[in-house]
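> would you be able to build a 3D model of this:
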Amino acid sequence: MLDTAKTRWHPIAASYDLPFRHVFHGQLLGREFAVWRADDGYINVWENRCLHRGVRLSIGINDGRELKCQYHGWRYSNRTAGCTYIPAHPADAPARTITNRTFAAVERYGLVWSAEEPQGEVPELPGFAEGELLTLRGIAVNAPADAVAARLRGYRFQPTGQIDGGDAKVTVEAANDFSVALRAVEGSSTTLAVFFVQPVDSNRSVIRGVLEGKAEGAVRMAVLHHHNDRLSKLRDAAEREAAAAPAPAPLEPVIERVSSELAEMPEETKHGRKATIRVEVARKWQAADGIAGFELRPIRGLLPTFQPGAHIDVHMPNGLIRQYSITNGPGESESYVIGVKLENESKGGSICMHETLRQGDVLAISEPRNNFPLRRDAVKTIFIAGGIGITPLLAMAQALHNQNLSFDLHYFAQNEAQLAFPEKTSGLGGSLKPHLGLTPEATGAKLREILANYQPGRHLYLCGPGPMLEAARSVAAEAGWPEAAVHFEYFKNTNKIDDSSSFEVALARSCVTLKVPAGRTILDVMREAGVDMPSSCEQGACGTCLATVIEGEPDHQDVYLNEAERKSGTKIMTCVSRAKSARLVLDL
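As a prediction, the model looks like this:
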């Protein structure tokens, strides 16, 4: 019966057990669940353990979008159960493999249903209308589920219209190992009640009952008391019987590695940049003057977990590949929302997104990458966005706003019509500070005002056009901001790349030495030799193809590394940077 029970839908909670910002401890067949309702209404049923130290997540904090473990503060995203933040490593984006096991959930008849390996649909209750039901209080019983279900066949109760009577005729309309449907009739009053037995463990169960019809006020309270009293007596009898029998062995749930069922995976692209997810353009709209918003939903399954600052590669119908930041707030994991600015000197990317792509079209995208992660341990965070640079910073600001952490979002644009995603920025309150129509000189003065009086514990995040970022970084340095507190992301690398040098690259862990000729990149040569190196923008702006230098002198031509990282000589962007020395040794 155990195998059958694993594939059968069982109620594990009542709807009233899941108010917003609460976590319910559910159990089924020996397995514990953390069950919680997100602010978007989605019901999460997760393995009840933090992936760090195994602490029960049912004692965690539900902030409406993420679930936070009480022990070391690890945070997990709504829907995907992927880890979004690790306080002990605030500057790093958690690996996508840090994902908890999730289980199916269906809310119906005032109950929340789940199963380990669900097959088919939640049982139909003919004649029961959602919203016209009365859900009884769950009754925990220290007895096996089949024994409790057998006793429920003899359960006697009064119909709702004759709750004070005593001569109701009760008949069994249907029954199986885990449920019993009973009808009580007295005079002209009749009530159908269905009782489900939740098998918590081999010797523990919960009775969950649903009555047809909706009772209000004093009648409702009388019905609830009536069934609570009679079901409590049935529980006592079942427990006496179970105590007299040999105790069955407890059920031991199998803790398995999570197998991610993500969106459909098409073939990898021949140029090495992987488009592993297929999505549909669910919505396209004008997010601002010259900026199109796109909502991308998976063809099937769930989208991978992302953290604020993450971006995706979009593989366009015309063969081009472009990178766009995910603007979603925390826990908004049903889709990805991106913004695309129509560039005056577009080489075909933004024109394709604006003019060719339509709602309903299918795109191939990469999994999210985050080389611009958000720290959530700052005393205060300052965001400075220029134009479309708002996109990654908007995701970050929403994350801090949801946690009531201190931040200011300074948004520079030509006019109000160019302020993108007003439906998202409007929720940030006074932390949003628009700066409109400023000249370059006025922008510089405003940056000096914003960045004056640096205080320890503050962090600065910059995203926007290259000249603005250069100016902001220069102002921050003059104002005493340490490089470790200044985080930035460029849209593109505008440096003129000098690829005239030739040199050797030794891959220490692969035991391979490669010749990099003039006109070829380290990344190209490694791929040609069969070394699978991840990449995204391939112009030295995103940081995806970063490698560690063990020996040799890099010739930095990227815009991703800061000055301290460049001077250390220990990192190189393999897509554009080269070697000043005759040989580089990389930790690859």
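> which element is residue 129 on?
Assigned by DSSP states H and E, residue 129 falls within no helix or strand.
> next one: residue 463
With DSSP H and E as the test, residue 463 turns up in strand 458-464.
> cool, and residue 194?
Using DSSP H and E, residue 194 falls within strand 189-201.
> which other helices and strands does the very next helix or strand once past that strand contact?
Counting by DSSP H and E, the element after strand 189-201 in chain order, helix or strand, is strand 204-212. Counting by 3 or more C-beta pairs under 8 Å, 6 or more residues apart in numbering; DSSP states H and E, the packing neighbours recorded for strand 204-212 are strand 133-135, strand 139-141, helix 145-152, strand 189-201, helix 217-244. For every residue, glycine as well, the C-beta is placed using N, CA and C.
> redo that, cut-off 7 Å
strand 133-135, strand 139-141, helix 145-152, strand 189-201 (3 or more C-beta pairs under 7 Å, 6 or more residues apart in numbering; DSSP states H and E).
> buried residues, the last one. List them.
Think strand 189-201. Within strand 189-201, the residues scored as buried using 16 or more other C-beta atoms under 10 Å are 190-201.
> one more: stretch 519-526?
521-526.
> verify the contact between residue 222 and residue 165 for me.
No: here residue 222 lies out of contact with residue 165, judged by C-beta atoms under 7 Å, at a distance of 11.9 Å.
> report the secondary structure state of residue 364.
Under DSSP: H, G, I helix; E, B strand; the rest coil, the three-state class of residue 364 is strand.
> mind giving me the domain split of the protein?
1-122, 125-254, 277-365, 380-490, 503-586 (automatic domain parsing).
> follow-up on the earlier one: could you dump the helices and strands packed on strand 204-212 to a markdown table with distance to residue 72 and mean pLDDT?
What follows is the helices and strands packed on strand 204-212, written out as a markdown table (distance: least, C-beta to C-beta, whole Å; pLDDT from 0 to 100):
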| stretch | distance to residue 72 | mean pLDDT |
| --- | --- | --- |
| strand 133-135 | 37 | 93 |
| strand 139-141 | 31 | 97 |
| helix 145-152 | 36 | 96 |
| strand 189-201 | 29 | 95 |
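> the helices in the stretch 351-500 of the chain, which residues?
For the stretch 351-500 of the chain, helices defined by DSSP state H, counting those that start in this stretch occupy the ranges 390-402, 422-425, 440-451, 466-478.
> and the third one, what does it pack against?
For helix 440-451, the helices and strands in contact under the criterion 3+ C-beta pairs under 7 Å, 6+ apart are helix 466-478.
> buried ones in the helix it packs on?
Judged by neighbour count using 16+ other C-beta under 10 Å, the buried positions of helix 466-478 are 466, 468-469, 471-473, 475-476.
> kindly report the same for stretch 202-217.
Of all the residues in stretch 202-217, those buried under the rule 16+ other C-beta under 10 Å are 202-213, 215.
> can you give the distance of it from its chain's centre?
33 Å (C-alpha atoms, centre = their mean, to the nearest Å).
> one step back: nearest to residue 172, out of the helices of the stretch 351-500 of the chain?
helix 390-402 (50.1 Å; C-beta to C-beta).
> what mean pLDDT does that closest one have?
Mean pLDDT, helix 390-402: 98.
> before we move on, what about stretch 353-367?
94.
> which residues touch it?
96, 266, 274-281, 283-284, 292, 296, 299, 304, 312-317, 340, 342 (C-beta atoms under 7 Å, 6 or more residues apart in numbering).
> for the residue nearest the centre of the chain, what are its contacts?
Centroid-nearest residue in the chain, with C-alpha atoms, centre = their mean: residue 77, separated by 3.6 Å. Neighbouring residues of residue 77 by C-beta under 7 Å, 6+ apart: 66, 84, 305, 330-331, 333.
> neighbours around residue 535, how many?
Look at residue 535: counted by other C-beta atoms under 10 Å, it has 24 neighbours.
> element containing it, please.
Using DSSP H and E, residue 535 sits in no helix or strand.
> so what's it up against?
Per C-beta under 7 Å, 6+ apart, neighbours of residue 535: 272-273, 523, 544-545, 575.
> which of those sits closest to residue 394?
residue 544 (21.3 Å).
> I'd assumed residue 368 was in contact with the closest one.
No: under the criterion of C-beta under 7 Å, residue 544 is not in contact with residue 368, lying 11.2 Å apart.
> returning to what we had before: for the buried residues of helix 466-478, which one is nearest residue 173?
residue 469 (70.8 Å).
> show me where pLDDT drops low in this protein?
1-3, 257-272 (pLDDT under 70).
> what about residue 25, neighbour count?
Neighbours of residue 25 using other C-beta under 10 Å come to 15.
> can you check the one 5 residues further on too?
By other C-beta under 10 Å, the residues close to residue 30 number 16.
> verify the stated contact: it with residue 255.
No: Residue 30 lies out of contact with residue 255 (C-beta under 7 Å); the separation is 11.3 Å.
> just the CA coordinates for the strand holding residue 194, please, in PDB.
In PDB, the C-alpha atoms belonging to strand 189-201 read as follows (Å, rounded to 0.1, in the frame of the first residue of the first chain):
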ATOM      1  CA  SER A 189     -32.100  18.100   6.300                       C
ATOM      2  CA  THR A 190     -29.200  16.300   4.600                       C
ATOM      3  CA  THR A 191     -25.400  16.900   4.600                       C
ATOM      4  CA  LEU A 192     -22.700  15.200   2.700                       C
ATOM      5  CA  ALA A 193     -19.300  14.900   4.500                       C
ATOM      6  CA  VAL A 194     -16.100  13.600   3.000                       C
ATOM      7  CA  PHE A 195     -13.300  12.600   5.300                       C
ATOM      8  CA  PHE A 196      -9.700  12.200   4.100                       C
ATOM      9  CA  VAL A 197      -7.100  10.400   6.200                       C
ATOM     10  CA  GLN A 198      -3.600  11.900   5.800                       C
ATOM     11  CA  PRO A 199      -1.000   9.200   6.400                       C
ATOM     12  CA  VAL A 200       1.600  11.100   8.400                       C
ATOM     13  CA  ASP A 201       3.700   8.100   9.400                       C
END
